Each structure stands twice: as C-alpha cells, then as structure tokens.
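> sequence unknown, structure follows:
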C-alpha cells in the first residue's frame, strides 16, 4: 500500500503551486492524531498541474521539500503524473504530521551534501571549505555554532562552488553551501542527486536520499 505525503509551508498552505489553506490534523495528548477534514472533492477531470490535489510518495518526496510534511489519505480517483514525480488525487485529507522541522531539514541537507562530497574532494583534495560548511550546519542544528559561524561557512562554501570548474564538483560544492541554510534543503538534495554523472548513479542517489529522509520523518 502506497503512503502519500503533502508538503506545505509553515502556515499550512500549499507551497509548490497555489496557496490553498489545508485542514490540518491535530496531535492528541496520547500521541495519536485526529485527521484534518476532507478537502473539497475535485470536480471535473483530474489533471496534473491543473485540477487535483498533488501528493508525493517517499521515493519522490525529496524534490518537493518545504517547511512541513504531512501524511495524507486519498479517496476516489488517483492519477500518476506523466513524469512520475507526483500523484494527483480527487479527494484528500491530512492524517498526521511528520517529524520534519528546521533542525531535521538542516541535518538532512547536510547528509545529502556529505554523501556526494567525495566527488568534489577527489577533484580538490586540499579544499575543505565544503566539508567545513557541512560540519558547521550540523553544529548549528544541534545548537553548537552561531548564526555568524553559519554564515561564514556558507559563504566560504559558495566561494568553493564558484571556483569549481568541473560540473559534478560544482554540484557537490553547491549542495554543501546550501546545506548551511535549512530552508534550502530541497536545493541541496537536488544538487546532491545531480552530482552523479550518469542515470544509474543518479537513481541510486535518489534512492539513498528517500531512504534517509524516511529516517528523519520517523516513518518506515
């Protein structure tokens, strides 16, 4: 059985197209969840990017990241998009919220960057700026580094990215730079995926990212 997720902004509104306000689930004192209300049923043909509620499975979730991630329940017609990066549903409600927050977003971005960092370091073994940015981002997520240290590490990693002439190294360095900012976790994840030079490696990286994300969201 497929599990679907909906990514929203901090206020509970759509953020990857449109600004729809969603009915959010509430967490009970015993740790269980009371689902949100069913969203209004879509009328007419369900069409991707035009008419329907857009959702992602865990395999594609890394490319849609934003501030909040919810587990969704669907009812009725369900259509997969032509490029297989999302699903479109006629009727949806949100049943629970995942453990995704500012801290997990920053840690996840750092993990994605580090996972492909060897590509950059194999080309530039004496440049530790991207690695330092990743370490600083993790430290900041755990309350161990300041905003000033975070900004300095990010700027240094950006300089490394600008200096990288090799395309794969550029993507790895850019991922490390953006890992210093939690709200760019989506860009870091994408950059990490694109760092691989061939399709098989890219698919393997995406699989690693989705598995890692599932750990942070505390789902299996």
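It's in. A quick note: this is a predicted structure, and the numbers were derived from the prediction, not measured.

> any low-confidence regions in this protein?
Low-confidence segments of the chain (pLDDT under 70): 163-200, 219-220.

> got a list of contacts for the longest strand that it contains?
In the chain, taking DSSP state E as the definition, the longest strand is strand 68-80. In this structure, residues lying in contact with strand 68-80 by C-beta atoms under 8 Å, 6 or more residues apart in numbering are 3-10, 12, 22, 24-25, 35, 38, 41, 46-48, 52-53, 55, 61, 86-98, 100, 217, 219. Every C-beta, even on glycine, is put in place using the N, C-alpha and C of the backbone.

> quick one: the strands in this protein, in order.
With DSSP E as the criterion, the chain has strands spanning 4-8, 26-27, 33-34, 53-55, 68-80, 87-97.

> quick one: closest of the ones you listed to residue 206.
Closest to residue 206 of the strands of the chain is strand 4-8 (C-beta to C-beta; 15.5 Å).

> how far does the closest one sit from the chain's center?
With C-alpha atoms, centre = their mean, to the nearest Å as the basis, strand 4-8 stands 11 Å off its chain's centre.

> in the protein, which residue is closest to the centre?
The central residue of the chain, meaning the one whose C-alpha is nearest the mean C-alpha position (C-alpha atoms, centre = their mean), is residue 65 at 3.2 Å.

> any idea how far residue 92 is from that residue?
19 Å (C-beta to C-beta, to the nearest Å).

> list the contacts of residue 24.
Each residue near residue 24 by C-beta under 8 Å, 6+ apart is listed here: 12, 36, 70, 94, 97.

> might one say that the second one is in contact with residue 22?
So the one you mean is residue 36. Yes - counting by C-beta atoms under 8 Å, residue 36 touches residue 22, with 6.7 Å between them.

> break this protein down into its domains, please.
The chain is divided into the following domains under automatic domain parsing: 4-97, 102-217.

> which of the ones you listed is buried the deepest?
Comparing the domains of the chain by mean neighbour count (mean count of other C-beta atoms under 10 Å), domain 102-217 comes out on top with a mean of 20.

> span of that one from start to end?
Taking C-alpha to C-alpha, to the nearest Å, domain 102-217 runs 12 Å from one end to the other.

> ok, and the closest non-adjacent residue to the residue located most distally from the centre of the chain?
Here the chain reaches farthest from its C-alpha mean at residue 44, the gap being 31.0 Å by C-alpha atoms, centre = their mean. Spatial nearest neighbour of residue 44, excluding adjacent residues (C-beta to C-beta, 6 or more residues apart in numbering): residue 51 at 5.9 Å.

> please tell me how far that neighbour sits from residue 57.
When distance is defined by C-beta to C-beta, residue 51 is 20 Å away from residue 57.

> then residue 23?
As it turns out, when the distance is counted by C-beta to C-beta, residue 23 lies 22 Å from residue 57.

> cool, and residue 45?
From residue 45 over to residue 57 the distance is 22 Å, taken as C-beta to C-beta.

> just residue 206 next, same as before
Counting by C-beta to C-beta, the gap between residue 206 and residue 57 amounts to 12 Å.

> okay, the strands of the chain in CSV with distance to residue 155 next?
Shown next, in CSV, are those (distance: least, C-beta to C-beta, whole Å):
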stretch, distance to residue 155
strand 4-8, 28
strand 26-27, 39
strand 33-34, 41
strand 53-55, 35
strand 68-80, 28
strand 87-97, 34
